[in-house]
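>>> please find the sequence and the predicted model below.
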Amino acid sequence: MQLSVDERTTDDRVTILLVDDRPEQLLVLETMLADLRQNLVRANSGREALRFLLHDECALILLDVNMPELDGFETALLIRERPSTRRTPIIFVTAHDETETHVSRGYSLGAVDYIHTPVLPEVLVAKVSVFVELARQTERLRRQADHLESCVQERTAELQSLNTALQAEIAERTRAAEERDRLLSEAQDGVRRRDEFLAMLSHELRNPLASITSAADVMRIRGVAAPETEAARDIIERQAQHMARLLNDLLDISRITRGTVSLQKQPVDVGRAVAEAVEAIRDQSADTRHEFSLAVPEEPLLVHADPTRLTQIISNLLGNAVRYSDPGGRIAITADRENGQARIRIRDSGIGIAPEMISRIFDPFVQLDRSHARSNQGLGVGLTLVRRLVELHGGRVAAHSAGVGQGSEFIVLVPEMPTESATETPTQPIPCDRAADRAAARRIVLVDDNGNIRRMLSSLLGLNGHQVEVSTDGPGGVETIRRLRPDVALIDIGLPGFDGYEVAAQVRADRECRHVRLVAMTGYGQPEDRRRALAAGFDDHLVKPFSAEALNRLLAAETTAT
């Protein structure tokens, strides 16, 4: 045990216990917290921390998760079992991903927060300062109570009455502290339940969307004679894509909040991206008769951006303009340069924004008009997602409006790519060659308990020339794969009998089936789900709903690899 500051402490100085088996990490934490001028105590293991807490108190424990012998979770459990340390705040310091299981276990042991390494000094100091100040206030209250207790014993009955009032105040403060603990616990439980809900929502909505998307692909490949049927298929595709976008927006907010979104940047022509987004939104809003005007520079306006995310930014803003403008309304879109930045401006003649709402318009779940007349206004996360994606690109977004009924304007600024750096040409999607796909026919086993998905996906694969055998559960899937030894097995994760992970494990254990390419199909699309699928033995991971083009590209790549 080592005390890292002078033993001559002031009355306001509190003790912070730093627990880590790595001396260099303890030194880093001490250096970051030195300016707080508190008693920083080192502990090189969980056992050493517990010995210190037998005789001493501390205001906060910074506890490493991954330690030999006693890890952080085991140490926290022992700390919570002692009455004297039951309420001592614990912040876990971890290099692990903040998965649902990891977070849930930490919070169940009484953790108040997580800090990931490498630690940002300003974040660490800000969080620790809160608990330092709380400990100081608690200590001052304790000293005041002790002093007043002594006075009560020495003074008259009049002071006894005053002491009674003081005790009532202390009781109120204690009640407030307990209420704070309760609210903190509820907030932590709410975060856990939110993530569980989003994961389940993803799975439950992606399965029917997968059936709808596959059915539309089958209709497109077979061809239809009647224009009305073709129009109906187009509507099915557009609405399925719209539902998938809403679902992805909701899940993206959760991913961005946890810091798990990564950008795949490349040179992107802003003018072209804006023009394509306008064409797409014009097709989707044909029934509402909105009037669009577009002005983009003729020469390329390049930014270093993720093309998918940039399109998502523009589409969300255009969709917002359409939703909040009456049928026949005007929407003007421009793209130009401003002081070394690419500027995108979207103006509409819609309902406008009240002055008091301007500062809140980008907050999650804030919507301008909650009346039934605008029931198609979405989930209230589109603008929040726009702001956070723009910030990830190093830019900023702002909203302007003259008031209710005066229309709105949104301006996005993203740093322009310097001319000398723009040596790459933005990549364009390569059309799927269906004739080539048919020539490369594969033997495929499809394992899925959803009848609609089985039927539509089997038809889609059959139209592309593949031989398909289906199974409806985990045990049956393993038996079918072992019997047929196909080229590819498309396996749903949520299966009866046992799940897709167990199917993959049993197939991989069979030497005769090691050549089979295993593809996971799932409605769970978080990065952790992909990692788990690959760890179980899958070669690829498809998130429902996936397009026919995505499936064809995967099978074509498999053919090339084979």
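Yep, that arrived. Residues are numbered from 1 along each chain as shown.
>>> helices along the stretch 1-150 of the chain, start to end?
Per DSSP state H, counting those that start in this stretch, the stretch 1-150 of the chain carries helices over the ranges 23-33, 46-55, 72-81, 100-108, 121-154.
>>> give me whichever of those helices is most buried.
Greatest average neighbour count among these goes to helix 72-81 (a mean of 19), per mean count of other CB atoms under 10 Å. To be clear about C-beta, it is placed using only N, CA and C from the backbone, and glycine gets the same treatment.
>>> next, the angle from it to helix 46-55.
Orientation check (axes from the mean of the first three to the mean of the last three CA atoms, to 10 degrees): helix 72-81 against helix 46-55 gives 20 degrees.
>>> now helix 72-81: average pLDDT?
Mean pLDDT, computed over helix 72-81, is 90.
>>> try stretch 494-502
Computed over stretch 494-502, the mean pLDDT rounds to 91.
>>> next, the buried residues of that stretch.
Residues of stretch 494-502 classed as buried by neighbour count (16 or more other CB atoms under 10 Å): G494, L495, D499, G500, Y501, E502.
>>> need the phi and psi values for the third one.
Taking degrees, to the nearest 10, you get phi -80, psi 180 for the backbone angles of D499.
>>> give me the number of residues near the closest residue to it other than its chain neighbours?
Distances taken as CB to CB, 6 or more residues apart in numbering place I493 nearest to D499, at 5.8 Å, with adjacent residues excluded. A count of nearby residues for I493, using other CB atoms under 10 Å, gives 22.
>>> so I493 is in contact with L518, correct?
No: taking contacts as CB atoms under 8 Å, I493 lies outside contact range of L518: 11.6 Å.
>>> possible to save the helices of the stretch 1-150 of the chain as TSV with distance to N320?
Putting those into TSV (distance: least, CB to CB, whole Å) gives the following:
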stretch	distance to N320
helix 23-33	41
helix 46-55	51
helix 72-81	44
helix 100-108	31
helix 121-154	32
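>>> worst mean pLDDT among those helices?
helix 100-108 (a mean of 73).
>>> show me where the stretch 251-400 of the chain has helices.
In the stretch 251-400 of the chain, the segments counted as helices under DSSP H, counting those that start in this stretch are 270-284, 307-323, 382-392.
>>> pipe these into CSV and attach distance to E69, mean neighbour count and mean pLDDT per row.
Shown next, in CSV, are those (distance: least, CB to CB, whole Å; neighbours: other CB atoms under 10 Å; pLDDT from 0 to 100):
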stretch, distance to E69, mean neighbour count, mean pLDDT
helix 270-284, 55, 19, 83
helix 307-323, 44, 22, 88
helix 382-392, 40, 20, 87
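>>> any chance of the ones you listed in JSON lines, with distance to E512 too?
Converted to JSON lines, the helices of the stretch 251-400 of the chain look like this (distance: least, CB to CB, whole Å):
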{"stretch": "helix 270-284", "distance to E512": "48"}
{"stretch": "helix 307-323", "distance to E512": "40"}
{"stretch": "helix 382-392", "distance to E512": "47"}
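>>> what about these, which gets the closest to L54?
Closest to L54 of these, according to CB to CB: helix 382-392, at 46.0 Å.
>>> kind regards, and thank you for your time.
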